[in-house]
Every structure is written in structure tokens, then in C-alpha cells.
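[1] With the sequence up front, the predicted model follows.
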Amino acid sequence: MTDILRSEHAAEELAAEHGVGDPFAAAIRAARMAMIVTDAHQPDNPIIFANDAFLALTGYGRDEVIGRNCRFLQGPGTDPAAIATLRRAVADGEDLTIDILNYRKDGTTFWNALSLSPVHGKTGRIDYFFGSQVNVSDKKRAEFEMGDARDRLEAAVEARTADLTQALQQKTALLHEVDHRVKNNLQLISSLLLLQNRRVTDPAVKNSLRGMLERVSAIATVHRRLFQSDDVERFDVSAFVRDLVSDMMGTARREDIKVRLDLERVDIAASKAAPLALVISELFSNALRHAFPPEAMNGRAGEIFVGITRQDEEFRIEITDNGVQPENSVSSGGFGLTIVQLLCQQLKARSETTPADPGTRVVVRLPINGGHH
Amino acid sequence: MMSERPLDVLIVEDEVLLATELEFLAEEVGFHSVGLAMSSDEAVALASDLHPDLALVDVHLRDGPTGVEVARTIHDDCGGVALFMTANVKRLPEDFAGACGVIGKPYSEYGVKTALAYLTVCLREGLAPGPPPIGLELSPAYAERWGLSASMPRAG
């Protein structure tokens, strides 16, 4: 007996068991889902039943499928791993659900959501395999398209991130370069002033050069501080004051003058750092150089107080000495006073000088959000 | 102390005005300047010939950012002590290339003099007289060598 004949015979047996009157058999024959039954007792597990939906899905006639193993649905594009999984499930007699690429009779492909289950007989042996097939090509295509779109998007994001990273690196390198040049040029200016100061002997010229050196040093201290902090946009005024006072007191070598600091942590916009630093430097220098003439000290201890607090919408910077009050100016020749007045105007700050009895109190009030108006 | 010979200093700096003024400042603190190098070759040649007690090294020299290698050579091959003087403090290697520390530019006259006077004590005594002054940051290795806690935070 040939395989085909055996399969037809098996099919007849199956049909005989489930005749026209069997409602389950009728349901399977008429179901919209493609279904097949294979004979597990025959070599190579051939198809012995296929419903109309299966024939419609695959494009084959019934006589073309009965007696054949259903691997004729596979083709060159079918994933070998999926085929291996399928073989293993049949050999082990296990349930399987798998998406596999199948070929119709006309060579076109469809994605088959295949479910395979063994059917056990009364003895417990596997008599049949029951398979159902659903065409899921549309779902698969959508999945692939989404995957492609995601891959393209990820590639685009990756490329853009690389561009931005490179741009940021270039910007950072440029910032470092500019910062480096600014600092070196400030150092150069200081060196020039110091060198000239070594040459001149006229006390008035020396005094002017000292004044200019102090101003340059104040700006230099600002730049040293600006890039030390993590935030290059903000400037810590109190840290600056500590550096400035240490430097000026060290240079002045006036053991008879003490400094008292009361500094609240106050950050201002970096763009205001240099002008504010110059104002503070000018006021402190003025107190240091003019409030305590050595001939007027008579063993008395001088004190300069620097206080920084935040009050409502203002920063309050106070510099008070307990020395003698100079006639009228903030600094010799009034240049220092001019600088303070002009820079306060620029900063939208108010400066107020009052007698401290003894000494002088200068209070500068800087609006906190002045830069945004 | 007074009768001791002055410490020799080598200045490695390609800005001649900065170098000249720095030489004045170092001598005012009591150092003896043995020379000025403007490139890495000059610096290494002078350092190995003259064995200065201290070399003040800028990172950017006439032949490029070669100051770091100069400091390493002075430390490794000449057995000398280098001190960086640079505007790029943040770009120095973690180990300071063997240098004892760094003074950030722009420095002030007072800052440099205080730092050099402090280093004079460190070099002569082998022990720091206290924490480093403002403007001077010691390398971890030298802070430990000179008796300071090695875990001092970098100046912020």
C-alpha cells in the first residue's frame, strides 16, 4: 500500500469515526481558522485531514496535501531555528506555538502563527497531531516596520548625541583656551605694573601704580575664582572677599590693623563679578590706606569690618573702619571715588557713606535681580 | 638659618616679562635664580646641569604644553622639586607629574611671595610649617612627605 493510499485510508477511518452527524467534525471542516490533522503512526507524520480554510490559506488542492508532511510549506526564507524548534516539539510530543514564515503554492509568503498539539489515543500513545494556522503577516509587517523605525530613530539619536558631544567638547576646549589666555594676560598686566613700580621713585607715581595693581589684582582674583566653581555663571562674592582681604592685608603689612569679616554666602551673576569686585576692592583699599595714618594711631588698634548679608531683594555690603575720616574723597585724588560711583551706576547699586564715630561706614546695596530688568 | 646658602630656583616660563618679575619676587623671598628657560629642552638641560632646589614651571612653553613633561623629568631624572605656575590648574594630572604643587595664575605678588617663603621652609626642614597659604596647592605626595594629611581636599 502506498503512503498516499495509507493516508487516504487513515482519513477514511477518521471520517468514519466523525461522520456527517458529528457536530465537532462539522465545526472543524467549516471553521474559518485553517486546521490540519497528521497521522503520527505513519512514517514522516503525513497530513490526513485539512479543512477548506487551510486549502484557501495555502493555495493547494486537497489531493496535493493529503499524504505529505507539512514541511512543503517551508521555503528558503523560513528561519532554520524555527524549523528545528518545530521538529523538536513533534519528536518530543509537545505543544508548540510559533510564528514561522511559510510559502503558498504560488510561491508567495505569509507569516503563520502555528499551533501544534499532539492528540493522545486511549492507550496514551500519540495518534495524531492537530495543527491550526493563522495568517499574521499584517501584524508581523507592523512589528518589522516598528523595529525598523526604532532602529532608524536610535541611529539618528546616536548620531545626534555624538554631534552634540563633539560640539560640547569643542566648546569646553575653547572656553579653557579663552580662560587660559585671560588669566595669562592678567598676569602679564600685573607683571608690567610691578616691573614699572620697581623702576620709578616718585612716591605719587608709585602710589598710582599701586592703585592700578590693586585693581588689576581684584579682577585677576575674580577670574581665578570664576572657573574654580562648578557653575561658571555664578560668582561667590564672600569667597572673593576672603581672597582679596588676605591679599591686601598681606601686602600692606599693617600689624596694627585687624580685619573682621561677617560674610553670608552670596552668589551674583558672573557678568557683575568684575565691577562689584572693583567696588569692594576700592572701598577696602581706601579704608586700609587712608583711615589709619601711622602717625595718628598712637598704639590704638585699627579695625576694618566687611559684612555681606542678603536683605529682602538686596545684597548689603558694608565696609566700616574705626579710623580717621578723610576730608572728602574715597581715595587719593578722588579717582577711587569716581570708580565706585560709576560702577554702582552700572550695577544699579546705591552707595551710602556715613560717619561711624569713629571712622567711616560705607554701605552698598545691590539689587538681587537687577540684571534681569 | 641665616647663614645657610640661598636655595637655587630655576624659572621655566616663556613669557619673558612674567619670568623677569617672578625672578625679582623669588630673590626678594631669598632664592637665588640660576636661570630662565623658555622651552622644555632648555628647562631639562638647565635642570640637569644646575640641580636647582626648586623649578617654577609653566605648563605652556615655547614648544607647546610641555611643562608637565618638564616637571616629570625634573622629578624622575634630576631628583629636583618642581612647582607648577599655570592658569590651567584643573588640567594638571592627578599626581602633579611629580611636582610638589601648583600656584594658579593669575597670582598676586603677595600670594607668590607667601607661597615661596612657605616652600623654603618645607624644602629646608622637610616639614611643612602648617597648612599651605591661599593660592598654593600641594600635591598629595608632597603634602604627605612634608607631614600634612594626604587626604586634603583640592582647593575649591
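    Done, it's in.
[2] If we ignore the residues flanking it in sequence, what's nearest residue B:66?
    Spatially, and ignoring its direct neighbours in sequence, residue B:66 is nearest to residue B:40 (3.8 Å; C-beta to C-beta, 6 or more residues apart in numbering or on different chains). Every C-beta, even on glycine, is put in place using the N, C-alpha and C of the backbone.
[3] residues contacting that neighbour?
    B:61, B:63, B:66, B:67, B:69, B:70 (C-beta atoms under 8 Å, 6 or more residues apart in numbering or on different chains).
[4] Residues of the stretch 51-200 of chain A that sit close to chain B?
    When proximity is defined as C-beta under 8 Å from any C-beta of the partner chain, the stretch 51-200 of chain A approaches chain B at A:176, A:179-180, A:183-184, A:186-188, A:190-192, A:194-195, A:198.
[5] Mind checking what secondary structure whichever residue of the stretch 201-350 of chain A sits closest to chain B has?
    In the stretch 201-350 of chain A, the residue that lies nearest chain B is residue A:220 (3.7 Å; C-beta to the nearest C-beta). Classification of residue A:220 using DSSP: H, G, I helix; E, B strand; the rest coil returns helix.
[6] Would you confirm that it contacts residue B:106?
    Yes: with contact defined as C-beta atoms under 8 Å, residue A:220 reaches residue B:106; the gap is 3.7 Å.
[7] do you know how far the spatially most central residue of chain A is from residue A:167?
    Nearest to the geometric centre of chain A sits residue A:161, at 10.1 Å (C-alpha atoms, centre = their mean). Distance, residue A:161 to residue A:167, by C-beta to C-beta, to the nearest Å: 11 Å.
[8] do residue A:279 as well
    Going from residue A:279 to residue A:167 by C-beta to C-beta gives 37 Å.
[9] next one: residue A:269
    If you go by C-beta to C-beta, the gap between residue A:269 and residue A:167 works out to 25 Å.
[10] Looking at the two, which is more packed in?
    Neighbours per residue, other C-beta atoms under 10 Å in any protein chain shown: of residue A:269 and residue A:167, the larger number sits with residue A:269, 15 against 10.
[11] pretty sure that one contacts residue A:233?
    Yes: judged on C-beta under 8 Å, residue A:269 makes contact with residue A:233 at a distance of 6.8 Å.
[12] What ranges does the stretch 51-200 of chain A have for its helices?
    Counting by DSSP state H, counting those that start in this stretch, the stretch 51-200 of chain A has these helices, from start to end: A:52-58, A:62-65, A:80-92, A:137-199.
[13] quick one: buried residues of stretch A:42-54?
    The neighbour-count check on stretch A:42-54 (16 or more other C-beta atoms under 10 Å in any protein chain shown) flags A:45, A:46, A:47, A:48, A:49, A:50, A:51, A:53, A:54 as buried.
[14] What of stretch A:191-199?
    A:191, A:192, A:193, A:194, A:197.
[15] Now find how far off-centre the longest strand seen in chain A is within its chain.
    If you go by DSSP state E, chain A has its longest strand at strand A:109-120. Relative to its chain's centre, strand A:109-120 lies at 47 Å (C-alpha atoms, centre = their mean, to the nearest Å).
[16] For that strand, give the mean pLDDT please.
    Mean pLDDT, strand A:109-120: 93.
[17] what does stretch A:91-103 give?
    Throughout stretch A:91-103, pLDDT has a mean value of 93.
[18] do the same with stretch B:121-129
    95.
[19] all strands for the chain, in order.
    Using chain A. With DSSP E as the criterion, chain A has strands spanning A:34-39, A:47-50, A:96-103, A:109-120, A:126-135, A:234-236, A:257-263, A:267-269, A:302-311, A:314-321, A:350-355, A:360-367.
[20] my bad, the chain I had in mind was chain B
    B:8-12, B:32-37, B:54-57, B:82-86, B:101-104, B:136-138.
[21] how far off helix A:137-199 does the fourth one point, in degrees?
    So that's strand B:82-86. Put simply, strand B:82-86 runs at 100 degrees to helix A:137-199, going by axes from the mean of the first three to the mean of the last three C-alpha atoms, to 10 degrees.
[22] Paired strands for strand B:82-86, with orientation please.
    If you go by DSSP bridges, strand B:82-86 pairs up with strand B:54-57 (parallel), strand B:101-104 (parallel).
[23] Quick one: these as CSV, columns for distance to residue A:369 and mean neighbour count too.
    Below are the strands paired with strand B:82-86 laid out as CSV (distance: least, C-beta to C-beta, whole Å; neighbours: other C-beta atoms under 10 Å in any protein chain shown):
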stretch, distance to residue A:369, mean neighbour count
strand B:54-57, 44, 27
strand B:101-104, 32, 24
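[24] in chain B, which spans are helices?
    Using DSSP state H, the helices of chain B run over B:16-29, B:40-50, B:67-76, B:109-125, B:140-145.
[25] most tightly surrounded among those helices?
    Compared across the helices of chain B, helix B:67-76 shows the largest average neighbour count, a mean of 22 (mean count of other C-beta atoms under 10 Å in any protein chain shown).
[26] Kindly provide the distance from residue A:349 to residue A:360.
    Counting by C-beta to C-beta - residue A:349 and residue A:360 are separated by 18 Å.
[27] where are the low-confidence patches of the chain?
    Since no chain was named, I'll use chain A. A:1-3, A:20, A:228-230, A:326-333, A:370-373 (pLDDT under 70).
[28] oops, chain B please
    Within chain B, the ranges that satisfy pLDDT under 70 run B:1-3, B:150-156.
[29] Quick check: residues of it near chain A?
    Counting by C-beta under 8 Å from any C-beta, chain B sits next to chain A at B:15, B:17-18, B:20-22, B:24, B:60, B:87-88, B:90-91, B:104-111, B:114, B:134, B:155-156.
[30] I'd like to know how many residues surround residue A:121.
    Residue A:121, neighbours per other C-beta under 10 Å, totals 11.
[31] which residues does the closest residue in space to it that isn't next to it in sequence contact?
    Distances taken as C-beta to C-beta, 6+ apart place residue A:127 nearest to residue A:121, at 4.0 Å, with adjacent residues excluded. Neighbouring residues of residue A:127 by C-beta under 8 Å, 6+ apart: A:39, A:40, A:41, A:119, A:120, A:121.
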